[in-house]
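What follows is a predicted structure for the sequence shown.
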Amino acid sequence: MSDKTMTADEVVSRLRSGMTLGIGGWGSRRKPMTLVRALLRSDVTDLTIVSYGGPDVGMLAAAGRIRKLVAAFVTLDSIPLEPHYRAAREAGAFELMEVDEAMFMWGLRAAANRLPFLPVRAGIGSDVMRVNPGLRTVTSPYDDQETFVAMPALSMDAALVHLNRADRLGNGQYLGPDPYFDDLFCEAADTAYVSCERIVDTAELTKEAPPQSLLVKRHTVTGVVEAPGGAHFTSCAPDYGRDEAVQREYASTPWPEFAARYPGGGLHDRAPE
């Protein structure tokens, strides 16, 4: 066991242009925004991004860092469609693989289990097969002979996630109502970096919540970053909610102006007030 603590900039120094990068959270909830802002300060580009998308995707798309996006949606939750993502997509700025939410989850599970694909019913009978001509189907080898979508593994070079608490060894804890799929992102990636609101001693992790809240296990984690307010302006329940005022500002401001207003393409790293 070893101390895995590092800074956000040290995390980004390990990333390279052309990588496939997974970003945890969901929409505008518990996104690793400190790590995304550090990425925006770097010259890393030409990325394949795998995400249940929110402002992480919007910012990276607006900054021209995305070559391909794999997503089930890109939303700000209280603002249904992420506007900077929409503008980049309408301009044809990157390739898009858009799949059903369940298909996306099955792709993460396949990668986490080191399988090339997993069969899933989601997508059958929908346009998902038409807009993704590379997808294939498989037929059950048993008596039912049912046809499934063969959802390919969403394997990643690196994953970035944000949690409420973590220890220095890489054990990560969520305290909010939903784990999202941050554990699968970490398991599906070759390397995984966890930012958290607070680093605590290992023994402290089970004083605030039960062992089941220890979502991310240390053997899947490469680095840990203490980042108070590290999901801001997205939510990180119960530590803080979404900063709707800042989100509205982000959504209504042209990207060059917003990026100039907040160096690094995002907000200054600070705990939300």
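All right, it came through fine.

gap between residue 119 and residue 168?
Using CB to CB, to the nearest Å, we find residue 119 at a distance of 40 Å from residue 168. (C-beta placed from N, C-alpha, C; glycine too.)

Now do the buried residues in the helix or strand of the chain with the lowest mean pLDDT.
In the chain, no helix or strand scores lower on mean pLDDT, DSSP states H and E than helix 255-261, which sits at a mean of 87. Buried residues in helix 255-261, defined by neighbour count with 16 or more other CB atoms under 10 Å: 255, 258, 259.

Kindly report the same for stretch 233-245.
By 16+ other CB under 10 Å, the buried positions in stretch 233-245 come out as 233, 234, 235, 236, 237, 239, 240, 242, 243.

Quick check: chain neighbours aside, which residue is closest to the third one?
Of all residues beyond its chain neighbours, the one nearest residue 235 is residue 242 (4.1 Å), with distances taken as CB to CB, 6 or more residues apart in numbering.

Go ahead and confirm that neighbour touches residue 234.
Yes - between residue 242 and residue 234 a contact is recorded at 5.9 Å, counting by CB atoms under 8 Å.

Give me the common contacts of these two.
28, 29 (CB atoms under 8 Å, 6 or more residues apart in numbering).

so where's this protein shaky on pLDDT?
Filtered on pLDDT under 70, the chain yields the residue ranges 1, 263-273.

Helices along that one, start to end?
8-13, 33-41, 55-62, 83-90, 101-112, 128-131, 182-188, 205-208, 244-252, 255-261 (DSSP state H).

helices or strands up against the fifth one?
Going back to what we said before, that points to helix 101-112. When contacts are defined as 3 or more CB pairs under 8 Å, 6 or more residues apart in numbering; DSSP states H and E, helix 101-112 sits against strand 66-71, strand 117-120, strand 147-152, helix 182-188.

Which elements pack onto the longest one?
Just to be clear, that refers to helix 182-188. For helix 182-188, the elements it packs on are strand 20-23, helix 101-112, strand 156-166, strand 189-199, judged by 3+ CB pairs under 8 Å, 6+ apart.

cool, the first one as well?
Contacts of strand 66-71 with other secondary structure elements, assessed using 3+ CB pairs under 8 Å, 6+ apart, are made with strand 47-51, helix 55-62, strand 95-98, helix 101-112.

out of the ones you listed, nearest to residue 40?
Closest approach to residue 40 among these is made by helix 55-62 (6.3 Å; CB to CB).

how about that closest one as PDB, C-alpha atoms only?
Only the C-alpha atoms of helix 55-62 are listed here, as PDB (Å, rounded to 0.1, in the frame of the first residue of the first chain):
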ATOM      1  CA  PRO A  55     -20.400  20.600 -18.500                       C
ATOM      2  CA  ASP A  56     -17.300  18.500 -18.600                       C
ATOM      3  CA  VAL A  57     -18.200  17.600 -22.200                       C
ATOM      4  CA  GLY A  58     -19.400  21.100 -23.000                       C
ATOM      5  CA  MET A  59     -16.200  22.800 -21.900                       C
ATOM      6  CA  LEU A  60     -13.900  20.300 -23.600                       C
ATOM      7  CA  ALA A  61     -15.900  20.400 -26.800                       C
ATOM      8  CA  ALA A  62     -16.000  24.200 -26.800                       C
END
